[in-house]
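Enquirer: structure here, sequence nowhere to be found:
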């Protein structure tokens, strides 16, 4: 009789250990899924922001073509339009790859910068444009460097591929002088 009780108790313990193991495994699996989807959210936000940034840079590059006094500033604006159009094609492919609907216009803040800049012309535009490009590209380089640290991630690959262009834009903006 005590053998039967011991065997029944052992069977009961085995079931409890199995259930507990299954519960722990499920928790670990759900935890890793939550971490993965959290990382995906960060990448999704990043790629949306990158696309909006490209759209804003294309528009402000066009504005530089119309409003700048300096030939160098106009040329820089053309470079922005060309480079950010190409970058936006790549960003759109990455967005599609990770299941993100690409934005079709800049953010509210980016539109406000554009509207403010559109009221300027000549040397005043050049000065404001140069300052905006330096500040904007510094901020974007920091964000892209942070995103580029990830491994085996299409958004990180995009960030890595884009960094040299952003650095070229920052260096170019620093060399610009209003009215030249």
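Expert: Here it is on my side, so go on. Because the structure is predicted, anything quoted here is derived from the model rather than measured. Residues are numbered from 1 along each chain as shown.
Enquirer: check which helix or strand covers the residue nearest to residue 141 when sequence neighbours are not counted.
Expert: Closest residue to residue 141 apart from its sequence neighbours, by C-beta to C-beta, 6 or more residues apart in numbering: residue 166 at 5.1 Å. C-beta here means a position set from N, CA and C on the backbone, and glycine is covered the same way. Per DSSP states H and E, residue 166 falls inside helix 154-175.
Enquirer: what pLDDT does the model give the spatially most central residue of the chain?
Expert: Nearest to the mean C-alpha position of the chain, by C-alpha atoms, centre = their mean, lies residue 46 at 2.6 Å. At residue 46, the pLDDT value in this model is 97.
Enquirer: same check, this time on residue 37
Expert: Looking at residue 37, its pLDDT stands at 41.
Enquirer: hmm, back to that, hmm, who's touching the helix holding residue 166?
Expert: Outside helix 154-175, the residues that touch it by C-beta atoms under 8 Å, 6 or more residues apart in numbering are 43, 46-47, 50, 76, 79-80, 83, 87, 90-91, 94, 97-98, 130, 133-134, 137-138, 140-141, 144-145, 147-150.
Enquirer: of those residues, which belong to helices?
Expert: Taking DSSP state H, the ones among the contacts of helix 154-175 that sit in helices are 43, 46-47, 50, 76, 79-80, 83, 87, 90-91, 94, 97, 130, 133-134, 137-138, 140-141, 144-145, 147-148.
Enquirer: buried ones only from those residues, please, as a ChimeraX command.
Expert: Those of the ones in helices among the contacts of helix 154-175 that count as buried under 16 or more other C-beta atoms under 10 Å are selected in ChimeraX with:
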select :43,46,47,50,76,79,80,83,87,91,94,130,133,134,137,140,141,144,147,148
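Enquirer: mind checking which helix or strand residue 109 is in?
Expert: helix 108-118.
Enquirer: next, the buried residues of that helix.
Expert: Neighbour counts over helix 108-118 (16+ other C-beta under 10 Å) mark 110, 113-114, 117 as buried.
Enquirer: repeat that for stretch 146-160.
Expert: By 16+ other C-beta under 10 Å, the buried positions in stretch 146-160 come out as 147-148, 150, 153, 155-160.
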